[in-house]
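Trainee: Model the structure of this input:
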Amino acid sequence: MIIGSMIPRENMKNTMNAIAADYGLTPVSGQTGSLERRACEENWEVLLSAFLDSQDIRQTSRETYYWGMVTYFRWMEIQGKVMKAMTPADVMSFKSYMVKEKLSPLTIGSYLTAVRRFYAWTESAMLYPNIARSVRPPRGKKGFKKMHLNEDEASELLSYLKSKSLRDYAIVNLILRTGLRTIEVIRADVGDVKFKRGKRILKIWGKGYDDKDNFVILGDVTWNPIREYLSTRGKVGKDEPLFVTDGKGHRGARMSTRSVQYVCKEAMKAIGLEGHEYSAHSLRHSTAVLILKNGGDWQDVQRVLRHASPATSQIYTASIEEEVRLDRNPESILDNVI
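Mentor: Predicted coordinates:
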């Protein structure tokens, strides 16, 4: 399949002309090679800059996208590939290349997220179809049954749900930010939202409905979507479920664990994260990993996820040691010292 054949050439030319103008390139007819070839094959930096400018993301994510796409484009050059001839099989080959080079699953996942979003952008700009839509991150190491999401994937998941369903957005946002299990989500009642020492909390009813003083803190970013969702249900009593079904025939009933799992799995599938290794429990894993990657320690993970054994929390620390080391770059501490 030749990519260029799937997009009207005139649309491609107009879009490339606009990008070229934005970046100071002047297309001149009659030169060797079209504007498309100059920008995409010889000057992929132009496309990369335009893509990054179009993304409303944090600076750390922007840097990850940059290095992911630089790796991708340089791999294309080594393989003798050009943009207009790339296929889905080539993207899979790039994934295999990263695995062969022993990049960590988290790095590979981040770079593939960049590639997926890049091609989503080229498709929306009518340049090239999204040939990376179905590519999946590699499986985790043995011993980890479920994959976790990186920062970009978590943000993409929430952005997708925010425009689809207020209830589903509130549920997934709650799980991602607090690490709740599905059973804890469905057992929560409206009256379980309380205040403790000035902080809004959600009392947790976990395994066996034990009466332990377990809770998660509901910051504004976590609580506001829940509050907005509850407002759509009108007047709700304290004994009513926090989340209820919205299907025909069962509207207003307490959700089941299966229904919450379905919500999570379908949402991840919609952004290209599918397979048995992705589930609602992947979001709980993601909570732990993102806490660790952003300055927390295994004790923070134990408190939030409420692990009975410290050893369980320490597993997460070991699993991302390489990523944390690369991100923090402790060697650079001495750059301005000696």
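
Trainee: Tell me where the model's unsure across this structure.
Mentor: Residue ranges of the chain with pLDDT under 70: 1-43, 138-146, 206-213, 248-249, 308-309, 311-330, 332-333, 338.

Trainee: Check the gap between Pro88 and Asn130 for me.
Mentor: 9 Å (CB to CB, to the nearest Å). (Glycine included, C-beta is placed from N, CA and C.)

Trainee: swap that for Leu157, please
Mentor: According to CB to CB, Leu157 stands 18 Å off from Asn130.

Trainee: Who has more neighbours out of those two?
Mentor: A count of neighbours by other CB atoms under 10 Å puts Leu157 above the other of Leu157 and Asn130, at 23 against 17.

Trainee: quick one: contacts for the more buried one?
Mentor: Listed by CB atoms under 8 Å, 6 or more residues apart in numbering, the contact set of Leu157 reads Leu149, Val172, Leu176, Ala267, Met268, Ile271, Leu273.

Trainee: Neighbour count, distance to Val337 and secondary structure for the residues you listed - can I get that in a markdown table?
Mentor: Shown next, in a markdown table, are the contacts of Leu157 (neighbours: other CB atoms under 10 Å; distance: CB to CB, whole Å; DSSP: H, G, I helix; E, B strand; the rest coil):
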| residue | neighbour count | distance to Val337 | secondary structure |
| --- | --- | --- | --- |
| Leu149 | 26 | 36 | coil |
| Val172 | 26 | 44 | helix |
| Leu176 | 22 | 38 | helix |
| Ala267 | 23 | 46 | helix |
| Met268 | 24 | 44 | helix |
| Ile271 | 19 | 43 | coil |
| Leu273 | 22 | 42 | coil |
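
Trainee: Name the nearest of those residues relative to Leu202.
Mentor: If you rank the contacts of Leu157 by distance to Leu202 using CB to CB, Leu176 comes first, at 14.2 Å.

Trainee: Quick check: the closest one touching Ser286?
Mentor: Yes. Counting by CB atoms under 8 Å, Leu176 does reach Ser286; the two are 6.1 Å apart.

Trainee: list residues touching both of those two?
Mentor: In terms of CB under 8 Å, 6+ apart, Leu176 and Ser286 are both contacted by the residues Leu149, Ala154.

Trainee: what helix or strand is Pro225 on?
Mentor: Assessed by DSSP states H and E, Pro225 sits inside helix 220-231.

Trainee: Remind me what that helix packs against, helices and strands.
Mentor: Contact partners of helix 220-231 among helices and strands, from 3 or more CB pairs under 8 Å, 6 or more residues apart in numbering; DSSP states H and E: helix 166-178.

Trainee: what is the orientation angle of the helix it packs on with helix 220-231?
Mentor: Here helix 166-178 points in a direction 150 degrees away from that of helix 220-231 (axes from the mean of the first three to the mean of the last three CA atoms, to 10 degrees).

Trainee: And the contacts of the helix or strand just after helix 166-178?
Mentor: Proceeding C-terminally, helix 166-178 gives way to helix 182-187 as the next helix or strand, assigned by DSSP H and E. By CB under 8 Å, 6+ apart, the residues outside helix 182-187 that reach it are 171, 174-175, 204-207, 209, 241-243, 254-257, 259-261, 264, 280-281.

Trainee: try it again with 10 Å
Mentor: 171-172, 174-175, 178, 180-181, 192, 202-207, 209, 214, 216, 241-244, 254-261, 263-264, 279-281, 283-284, 306 (CB atoms under 10 Å, 6 or more residues apart in numbering).

Trainee: how much distance is there from the strand or helix carrying Ala288 to the middle of the chain?
Mentor: According to DSSP H and E, Ala288 maps onto helix 280-293. Offset of helix 280-293 from its chain centre (CA atoms, centre = their mean, to the nearest Å): 11 Å.

Trainee: Name the residues of the next helix-or-strand element following it that are buried.
Mentor: Following helix 280-293 in sequence order, the next helix or strand is helix 298-305 (DSSP H and E). Going by neighbour count (16 or more other CB atoms under 10 Å), the buried part of helix 298-305 is Trp298, Val301, Gln302, Val304, Leu305.

Trainee: so the fourth one makes contact with Gly179?
Mentor: To tie it back to what came earlier, the one meant is Val304. Yes. Using CB atoms under 10 Å, Val304 is in contact with Gly179, at 5.3 Å.

Trainee: what's the helix holding Ala288 packed up against?
Mentor: helix 151-162, helix 166-178, helix 182-187, helix 257-270, helix 298-305, helix 310-319, helix 321-328 (3 or more CB pairs under 10 Å, 6 or more residues apart in numbering; DSSP states H and E).
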